[in-house]
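Visitor: prediction below, plus the sequence it came from.
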Protein chains: 2
Amino acid sequence: MERKPKPKHDLPDTLDARVFVSLMRTADALSRGAEALLKPFNLSGTQYNVLRILRGAGEQGLACREVGCKLISRDPDITRLLDRMESRGLIARAREKEDRRVVKTRITAEGMSLLHDLDEPVRELHRRQMQHLTAKQLKQLSILLDRAREPFEASEPSNRFCRGPIDQNYFTKRSRNSKGETT
Amino acid sequence: MERKPKPKHDLPDTLDARVFVSLMRTADALSRGAEALLKPFNLSGTQYNVLRILRGAGEQGLACREVGCKLISRDPDITRLLDRMESRGLIARAREKEDRRVVKTRITAEGMSLLHDLDEPVRELHRRQMQHLTAKQLKQLSILLDRAREPFEASEPSNRFCRGPIDQNYFTKRSRNSKGETT
DNA sequence: TGACAATAGTTGTTTAAACGACTATTGTTA
DNA sequence: TAACAATAGTCGTTTAAACAACTATTGTCA
């Protein structure tokens, strides 16, 4: 077995870069688990996130762009994302009377039911994903992650319209269904 | 201004879930910056990552599947990912003589040149992305992130074939070019 | 009040990701 | 050594993401 030759023409492995890669790898690993959980329900992470956002919004629903800017990973085409969910009966859309430019989106009973079925599995998934970390570590991780992205949240132009805290959000990453374990 | 109604039918905001969401949001924010940097070069994060991997592999190149399992986010269709890069002249492929099943992929001079042009901007980007964190915080974050995904790395079936440490990897996330600031 | 800008969302089109079925080559073993 | 399994990669097809141009409605103000 030959040992790998020193990668002399590669970038020096700075701490910055290591954190970046760690972040990407970890996010990918955990999001894969979530996508796998959602896959049997034919939901992508983004779609699940939309349902969570709409459940949080309640009766009055949300305008298209409001949904968009609450999503974790910005989707440049909310319209068709919602189209697909509407055709599945998970959400409903209606043009507003006052301002006929906006289309309010609401979660349907069917959407609520699906979301409800997922509540426990999702909670359970995260418990499993984090069980090997202590509460102290989790807290620290959460703080550091929040702090890491802090400067970028503010500067994001798409966030200017997102007033209020984002708490109904859930997750999203590579919104197409991931491969997962097929049989 | 009405204050948002208590989201009573939403999941309780457990620490697990908060970490998960923080992780996704932070990964998304930072990867967006990286995608924006690569976009003028018409490179996706995945493609950039492939170049880094191949530079690290050196003269002997790598088999298709080896590239695949070193990537951060698994791509179910390495063939066409490499197809596109080959047609751009960034990589070259050649079927092996001994085992005619495998196709070795190598980075071309043009690929090396492109990668070289990106070295400094990428390093600089990460410096900017992390500059508001202390070295201690970065170290802690790196450790916690590694620890967080540890149990999943081992269990990934696609990793069984990936012998050796993965150090040439770079990043990858939502491999299509992100929207970024268009003029 | 008429022209123009700003806002909200939709639609067209290109490209790529996801999934699965497929071919070619090599390894195994009865 | 013939049959079969395992491995490496390719290809066909569906769906969605990304980008840009577009329509409709409302706000502004000269």
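Guide: That came through, no problem.
Visitor: which phi and psi does the closest residue to chain B within chain A have?
Guide: Proximity to chain B, evaluated over chain A using Cβ to the nearest Cβ, is greatest for A:Ala27 at 3.5 Å. Quick note: C-beta positions are derived from backbone N, CA and C, even for glycine. With angles defined as degrees, to the nearest 10, A:Ala27 sits at phi -60, psi -40.
Visitor: A:Asp75 too?
Guide: Per-residue torsions, A:Asp75: phi -110, psi 120 (degrees, to the nearest 10).
Visitor: what ranges do the helices span in chain A?
Guide: Under the criterion DSSP state H, chain A contains helices at A:15-38, A:45-57, A:64-70, A:78-87, A:109-130, A:135-155.
Visitor: helices and strands around the second one, which ones?
Guide: Helix A:45-57 is packed against helix A:15-38, helix A:64-70, helix A:78-87, strand A:91-95, strand A:103-107, helix A:109-130, with contacts defined by 3 or more Cβ pairs under 8 Å, 6 or more residues apart in numbering or on different chains; DSSP states H and E.
Visitor: report the buried residues of the second one.
Guide: With burial defined by 16 or more other Cβ atoms under 10 Å in any protein chain shown, the residues of helix A:64-70 counted as buried are A:Glu66, A:Val67, A:Gly68, A:Cys69, A:Lys70.
Visitor: thought the third one was touching A:Ile78?
Guide: Yes - A:Gly68 is in contact with A:Ile78 according to Cβ atoms under 8 Å; the separation is 4.3 Å.
Visitor: below-threshold pLDDT in chain A: ranges please.
Guide: Within chain A, the segments meeting pLDDT under 70 span A:1-12, A:154-183.
Visitor: what sits against A:Leu138?
Guide: Contact analysis of A:Leu138 by Cβ atoms under 8 Å, 6 or more residues apart in numbering or on different chains lists A:Met130, B:Leu15, B:Asp16, B:Val19.
Visitor: repeat that for A:Gln47.
Guide: A:Leu38, A:Leu81, A:Arg84, A:Met85, A:Leu90, A:Ser175.
Visitor: apart from its neighbours in sequence, what residue is nearest the fourth one?
Guide: Just to be clear, that refers to A:Met85. Leaving out its chain neighbours, the residue that sits closest to A:Met85 by Cβ to Cβ, 6 or more residues apart in numbering or on different chains is A:Ile91, at 4.8 Å.
Visitor: quick one on the thing from earlier: nearest to A:Asn49, out of the helices and strands packed on helix A:45-57?
Guide: Closest to A:Asn49 of the helices and strands packed on helix A:45-57 is helix A:64-70 (Cβ to Cβ; 8.3 Å).
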